[in-house]
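# need a structure here:
(chains A and B)
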There are 2 protein chains.
Amino acid sequence: MLNPKLKSRGLPKNAKKDIPKLAEDVLSGNISALSRAITLAESSRNEDRQLRSDLIKRLFPHSGKSYRLGITGVPGVGKSTFIEAFGLAAIQSGYKPAVLSIDPSSSRSGGSILGDKTRMNELSLHPKAYVRPSASGLHLGGVARSTRESIMLCEAAGYDLIIVETVGVGQSEIEALQLTDFFLLLMLAGAGDELQGIKRGIMETADAILITKADGDNIALANNAAQEYRRALHLMPPHEGNWIPKVATSSSLNKLGMDKALQWMKQYHTLCTENGYWLEKRSRQALYWFEQNIQSQTLQLLRANPEFKQMMDTTRTQVEALKTDPFQAVDEVVSRIAFEIKK
Amino acid sequence: MLNPKLKSRGLPKNAKKDIPKLAEDVLSGNISALSRAITLAESSRNEDRQLRSDLIKRLFPHSGKSYRLGITGVPGVGKSTFIEAFGLAAIQSGYKPAVLSIDPSSSRSGGSILGDKTRMNELSLHPKAYVRPSASGLHLGGVARSTRESIMLCEAAGYDLIIVETVGVGQSEIEALQLTDFFLLLMLAGAGDELQGIKRGIMETADAILITKADGDNIALANNAAQEYRRALHLMPPHEGNWIPKVATSSSLNKLGMDKALQWMKQYHTLCTENGYWLEKRSRQALYWFEQNIQSQTLQLLRANPEFKQMMDTTRTQVEALKTDPFQAVDEVVSRIAFEIKK
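Predicted structure coming up:
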């Protein structure tokens, strides 16, 4: 039986048919409409594809005007409490924040979706904020697309600071980097880079590092760690856009470090709009997703063709039985593919 | 002006037209025909594609009956001197060895091709051996195909031990693993795994490790290293096919360790033909190359189409200018592609 909590996240049947109305409601800032729109963006059902496409096409002109912030860090670094404190500080400074997460490994039950939502209790109840629980059961490869579309939907709904939190390490960070303007890395003092599962590559791409939990007995340790990372980052070449990565300590408990992060973000925005890197980076990200996706979609199109599938099955059997050379087999298969570009 | 030594490696114009004759000459064990056939397999010229394909089709039924041995190790480990000594020992024990190399980074001059050939002086002059200098100027991605086809050509010419030597580290080893039956890793004592540029993953895939240069003052050091690797490998799960990787020392100077390696290879062959893994592995390798290649060839076919290219250029400009969403753009591009499978 379906978990009723999961079921309630689905899109009502009649809402599906009225995409113009849904788009209008999202634009007016209706939170329930936004949630339904994101559910549609996350859907991998074939019958939702056209609807999703219609919706995005309508809302695309209203997107792009927010500050897209990526936040990452290993479990235990205090990401949720940081984002809660940071989001509230951002509201104070005039932002309307939305929180999304990239979690490709997630297969949460209905119960933990609820748990996830109540994680950022104060922020998610705030009328100026929107916290989206992480999506469950997303297709691998569909995560980036649905996250990117969710960002656009939040922007269309009037949110001007989109926080993309990554859960898990590795691929998620690479995707977050290609989806956001500024990348903030949270680290623990004294845990060692390796223990934190942070690859050197990720540290090098961070625009800023905050050492979390700099409170009580932990302050001196956190200061030392900050000093160390500052030195390490100084040895690296400056980022594209001429930005020099920043390092500081933070305490979600004492609400310290949030204003500093907001200040860095503003400095970054000023620098990079002046030197043109802000839009250049967004262009490059768009091209990145375009090139990535064109390959997988083309192959998917081909694989969906029953004649191709049959030809592949037959050939694969031959190759597996060592009756034909694999490269020759590819030549033969490819020589039978003809395609046409429709006007 | 063309280097005359390089020119002499090319295929004579008239030979190109007579593929049935070339195939016959290869089958009769004619070394000069074999060399010309491999040159054809290495060619990336469009006009050679059909000829190469014809040749491989003719010789495929005569291939597959050799022992395919992969040998790797960083520069300085003494690969060439080892292969020379090992090849001569293999001849003693009844084999007809051929030596090929995978060297994707190679861009050697005519001079060093000559140098390369004289590397294994005694072996390359032996009437029962064939040593192929590493190919220069091969297209990235074409290396695996040409190596695999060269293996088949050597087999058709009657060689029953094909030694595939990898030059350089990284991708080459992964390719060699998918081309050979048994994988021998050469290591230096005392240099440390990391100094040797050997990734842990490569060590885990080795079917046997030989510690080279175990002669003179170096014997104790080599024995210690062997002991250490033996312990390390014991902690790892046994290989597929139930083979337990072996470790010993070797000295190319004193011709020690070669017979041991030959003995392991025989043990491996006996074990894996009995449990069926020998053919299973070859099937899997064939499927690996088939799946890898079908993707890149299909995309290449598509990219060669001028209408597709034009559509891509237009769309890319739109995406770069942030005038359309990259995922939507992909949908639109892909929706205009129609495939047909010819009978």
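
# What ranges does chain A have for its strands?
Under the criterion DSSP state E, strands of chain A are mapped to A:67-72, A:97-102, A:130-131, A:161-166, A:182-187, A:208-211, A:246-249, A:337-341.

# What is the shortest one packed up against?
Think strand A:130-131. Strand A:130-131 is packed against strand A:97-102, helix A:121-125, with contacts defined by 3 or more C-beta pairs under 8 Å, 6 or more residues apart in numbering or on different chains; DSSP states H and E. Yep, even glycine has a C-beta here, placed from its N, CA and C like the rest.

# would CSV of these with distance to B:S250 and mean pLDDT be doable?
Below are the helices and strands packed on strand A:130-131 laid out as CSV (distance: least, C-beta to C-beta, whole Å; pLDDT from 0 to 100):
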stretch, distance to B:S250, mean pLDDT
strand A:97-102, 50, 93
helix A:121-125, 65, 91
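
# And these: which comes nearest B:P133?
Shortest separation from B:P133 across those is recorded for strand A:97-102, at 49.5 Å, computed as C-beta to C-beta.

# what's in contact with the closest one?
A:83, A:87, A:90-91, A:120, A:123, A:128-135, A:143-144, A:147, A:150-151, A:154, A:157, A:159, A:161-167, A:172, A:175-176, A:179 (C-beta atoms under 8 Å, 6 or more residues apart in numbering or on different chains).

# Report the spatially closest residue to the residue of the stretch 51-200 of chain A found nearest chain B, excluding sequence-adjacent ones.
When scored by C-beta to the nearest C-beta, the stretch 51-200 of chain A has A:R145 as its residue closest to chain B, at 5.0 Å. Distances taken as C-beta to C-beta, 6 or more residues apart in numbering or on different chains put B:F327 closest to A:R145, at 5.0 Å, once the chain neighbours are dropped.

# any idea where the helices of the stretch 1-150 of chain A begin and end?
Counting by DSSP state H, counting those that start in this stretch, the segments of the stretch 1-150 of chain A that form helices are A:4-7, A:13-17, A:19-27, A:31-42, A:49-59, A:79-92, A:110-119, A:121-125, A:143-156.

# Kindly report the same for the stretch 151-300 of chain A.
With DSSP H, counting those that start in this stretch as the criterion, the stretch 151-300 of chain A has helices at A:171-177, A:200-205, A:219-234, A:258-274, A:277-303.

# Tell me which of those approaches chain B most closely.
Proximity of the helices of the stretch 151-300 of chain A to chain B was assessed by C-beta to the nearest C-beta; the nearest stretch is helix A:277-303, lying at 3.9 Å.

# tell me which residues in the closest one are buried?
By neighbour count with 16 or more other C-beta atoms under 10 Å in any protein chain shown, helix A:277-303 contains the buried residues A:277-278, A:281-282, A:285-286, A:288-290, A:292-294, A:297-298, A:301-302.

# list the contacts for A:W289?
Going by C-beta under 8 Å, 6+ apart, A:W289 touches A:144-145, A:148, A:178, B:326-327.

# One more: A:D18?
Residues counted as contacts of A:D18 (C-beta under 8 Å, 6+ apart): none.

# A:P97 - how many residues pack around it?
Burial of A:P97 is recorded as 26 neighbouring residues (other C-beta atoms under 10 Å in any protein chain shown).

# for the one 3 residues further on, same thing?
Per other C-beta under 10 Å, the neighbour tally for A:L100 reads 26.
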